[in-house]
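K.L.:
Provided below are the primary sequence and the corresponding predicted coordinates.
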Amino acid sequence: MVAHNPATADKTSTLDNILPKYGQALGHPYSDYKLLKLQQGAAQSRKTLGLCGAVPVDAYASLRFRKGFGGTLQCNSSLCVSCSKRLLLKERKPVIESALKNCSEGTFYFFTLTQPSLASAETQVERLSRSFQNFKSTFNRRISRLGLRSSILRSYDITFRKHGSSVYPHIHFHGLIWISGDLDFDISDYAFEVWERIGAKQGITCSRDAFYFEPIDQSKGTKAISSYVSKSFGSLAFEVMSSATKLQVNPDKWNIPQLLVYISQTGDKSALKAYNETILAFKGKRFVSIPSFFRSFKTEEEPEELELGEELGEPEIPDILISKPVFKAVRLSGVDFKLLSIALRGTKIEFNELRNLIIDLNLAFMMGETTIAEMVGLMPSLIQSLSRDRELLASEALFRLN
C-alpha cells in the first residue's frame, strides 16, 4: 500500500485552510465543484442532474491540470450549475453576441415577461409555455401586417421565494426580439397589452411594473452586449460564475445556486421540495429557444480563451487517470480534487506526485492490496503529504489568481 505518515497528517479535512481562501479569491465561498456536489445531493427527482460529474463514463475518469475532472457523465441541462455555464459560453453566448454585433438592420429589444403565481412549478411552466406561444404568434402577426419581419428568442429564468413557511418557484421569461424596421407606435405598450390580455383570459392580472421591454443600443459596445447576454441567455450560468452564490440581499429570495446553499445549510424540506418539483417540471422542455435568425449570424469558432494563469507555449502536463474505485473513494472522502488541481497550477512537482499517488492507488486496488473503504480513510493524509506547507500552497494559489 502507498506509504504515508499519519503522525504528520492533519486529522481535519486536508484542504480546510486552502479552499476557503481559494473561494474568497474567486469572489464567492462556493466553487463550481462545491455547487455541483450540493446539486448531486439535492437533485432527487432528476437522476441525470444528481449524477452529473459523479460517475466516470468509462473505466477511468481523468484529472486535468487546472481544469479538474474529465471523462465523467454530463447531464447537459440548463438547470445544472456546471453544464449551464458550458452551454452558455460555448454554444449560446457566441450566437447572441454575433447577432447583436453583426446585424445592421432593424432594432433589437430586451424583454421580461412574468405572471404572478404561487402555483406549482409544473402548472407555471405549462401556463407560461402556452402564454408565450400566444404572445409570439400575436406579436409576429402584427409586425408581419406592417410589412416587417420579426424574430423572438426566449429563455426561462427561475427564482425561489418564501411565502409563509413554504418555498415557491417564480418562473418567468427573459429574451430578445428583433424587428426589421421602424414602427409608428409604442411597441412596449403594445407588447404589454398583448401579454396582459393573454393573462386575463387565464384569470391572471399582470403588472406593468414586472414587465420590461426596451430597445438595445448596439453602439454601446461589447460591455453592453454582454449584459444582455447574461440576462437573456442564462442567468443561472452567470450567477454561478459571479458572486451571486453568496446568500445576500434578500434571505427569502434565491436563485438556484443560492437555493442549493440554503438547503445544505438549513435542511429546509420545503425548499428541497420546491427545487425538485422545479427541475422535474422542466424535464423534456426546451429551456432556451433560439430561432434560426439569431443563429444565422454565428461566425467561425474563435480560439478558446486560455485558462486563468495559463501561458502560451507552456509544456503540456498529462492527465491523471483515475479508476472508478479510486474516483469513488475520492468522492466519499470529500477531498476536492478539482480545486486541488487548480491550486497546484504553479507547482508541477506536487502535481506529478499526485499523479504517481493515484497510479499507486489504482494498482493497489487492482492487486487486491487495498479496498475502497481503506482508500477513503487514507485519502486526506495522502493528499496532505503532497505539500509540506499547505499555507504556502494556499498563498501560491491566491497569488496566481490575483
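P.N.:
Structure's in. What do you need? Numbers count the residues shown, from 1 in each chain.

K.L.:
so residue 320 bridges to which residues?
P.N.:
In this entry, residue 320 is beta-bridged to residue 63, by DSSP bridges.

K.L.:
From here on, call the first residue 54.
P.N.:
OK, 54 is where the count begins now, so the last one is residue 373.

K.L.:
Give me the pLDDT value at it.
P.N.:
Listed pLDDT for residue 373 reads 79.

K.L.:
what about residue 137, which SS state?
P.N.:
Per DSSP: H, G, I helix; E, B strand; the rest coil, the local secondary structure of residue 137 is helix.

K.L.:
Now do it against residue 89, distance only.
P.N.:
Here the criterion is CB to CB, to the nearest Å. By it, residue 137 lies 11 Å from residue 89. For every residue, glycine as well, the C-beta is placed using N, CA and C.

K.L.:
Tell me how far residue 188 lies from residue 161.
P.N.:
Relative to residue 161, and taking CB to CB, residue 188 is found at 17 Å.

K.L.:
Residue ranges in the stretch 204-353 of the chain under the pLDDT threshold?
P.N.:
For the stretch 204-353 of the chain, the stretches flagged by pLDDT under 70 are 271, 273-304, 352-353.

K.L.:
Walking through it, point out its strands one by one.
P.N.:
Applying DSSP state E, counting those that start in this stretch to the stretch 204-353 of the chain gives strands spanning 219-232, 265-268, 306-307, 341-342.

K.L.:
And the strands in the stretch 54-203 of the chain?
P.N.:
According to DSSP E, counting those that start in this stretch, the strands that the stretch 54-203 of the chain contains are 113-117, 121-123, 160-166, 203-216.

K.L.:
right, so of the ones you listed, which gets closest to residue 331?
P.N.:
Residue 331 lies closest, by CB to CB, to one member of those: strand 203-216, at 6.3 Å.

K.L.:
who has more neighbours, residue 137 and residue 89?
P.N.:
Higher neighbour count among residue 137 and residue 89: residue 137, with 27 against 24, using other CB atoms under 10 Å.

K.L.:
Just the pLDDT at the more buried one, thanks.
P.N.:
86.

K.L.:
I figured it hits residue 130, correct?
P.N.:
Yes: the criterion here is CB atoms under 8 Å, and residue 137 meets it with residue 130 at 7.3 Å.

K.L.:
can you map out the helices along the stretch 204-353 of the chain?
P.N.:
Along the stretch 204-353 of the chain, counting by DSSP state H, counting those that start in this stretch, helices occupy 240-253, 275-286, 288-294, 309-319, 322-334, 345-348.

K.L.:
Mind giving me the packing neighbours of the last one?
P.N.:
Counting contacts by 3 or more CB pairs under 8 Å, 6 or more residues apart in numbering; DSSP states H and E, helix 345-348 packs against helix 146-155, strand 203-216, strand 219-232.

K.L.:
Direction-wise, compare the second one with strand 219-232 and give the angle.
P.N.:
Calculated by axes from the mean of the first three to the mean of the last three CA atoms, to 10 degrees, strand 203-216 forms an angle of 160 degrees with strand 219-232.

K.L.:
Only the buried residues of strand 203-216, if you could.
P.N.:
Neighbour counts over strand 203-216 (16 or more other CB atoms under 10 Å) mark 203-213, 215 as buried.

K.L.:
what would the residues you listed look like in a markdown table with distance to residue 318?
P.N.:
Putting the buried residues of strand 203-216 into a markdown table (distance: CB to CB, whole Å) gives the following:
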| residue | distance to residue 318 |
| --- | --- |
| 203 | 45 |
| 204 | 43 |
| 205 | 39 |
| 206 | 36 |
| 207 | 33 |
| 208 | 29 |
| 209 | 26 |
| 210 | 24 |
| 211 | 20 |
| 212 | 18 |
| 213 | 14 |
| 215 | 14 |
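
K.L.:
the inter-axis angle of the helix ranked longest in the chain versus strand 160-166?
P.N.:
Identified as the longest helix of the chain according to DSSP state H is helix 174-198. Per the same axes, to 10 degrees, the angle that helix 174-198 makes with strand 160-166 is 150 degrees.

K.L.:
buried stuff in helix 174-198?
P.N.:
Of the residues in helix 174-198, 174, 177-178, 180-181, 184-185, 188-189, 191-193, 195-196 count as buried by neighbour count, 16+ other CB under 10 Å.

K.L.:
List just the nearest of the residues you listed to residue 319.
P.N.:
Taking the buried residues of helix 174-198 together and measuring to residue 319 by CB to CB, the closest member is residue 174, at 20.2 Å.

K.L.:
For my notes, please list the helices and strands packed on helix 345-348 in JSON lines and give distance to residue 311 for each entry.
P.N.:
Shown next, in JSON lines, are the helices and strands packed on helix 345-348 (distance: least, CB to CB, whole Å):
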{"stretch": "helix 146-155", "distance to residue 311": "22"}
{"stretch": "strand 203-216", "distance to residue 311": "8"}
{"stretch": "strand 219-232", "distance to residue 311": "12"}
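
K.L.:
who wins for proximity to residue 345 among the ones you listed?
P.N.:
Per CB to CB, nearest to residue 345 of the helices and strands packed on helix 345-348: strand 203-216, 8.2 Å.

K.L.:
what's the pLDDT at residue 124?
P.N.:
The model reports residue 124 with a pLDDT of 86.

K.L.:
Residue 113 is in contact with that one, correct?
P.N.:
Yes: taking CB under 8 Å as the definition, residue 124 is a contact partner of residue 113 at 6.4 Å.

K.L.:
circling back to that earlier point, tell me the most buried of the strands of the stretch 204-353 of the chain?
P.N.:
strand 219-232 (a mean of 22; mean count of other CB atoms under 10 Å).

K.L.:
hang on, residue 168 packs against residue 252?
P.N.:
Yes: with contact defined as CB under 8 Å, residue 168 reaches residue 252; the gap is 5.7 Å.

K.L.:
which neighbours do those two share?
P.N.:
Contact criterion CB atoms under 8 Å, 6 or more residues apart in numbering; residues shared by residue 168 and residue 252: 184, 259.

K.L.:
Kindly present the strands of the stretch 54-203 of the chain as TSV, with separate columns for distance to residue 232.
P.N.:
Output for the strands of the stretch 54-203 of the chain, formatted as TSV (distance: least, CB to CB, whole Å):
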stretch	distance to residue 232
strand 113-117	45
strand 121-123	43
strand 160-166	6
strand 203-216	5
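
K.L.:
All set, thanks.
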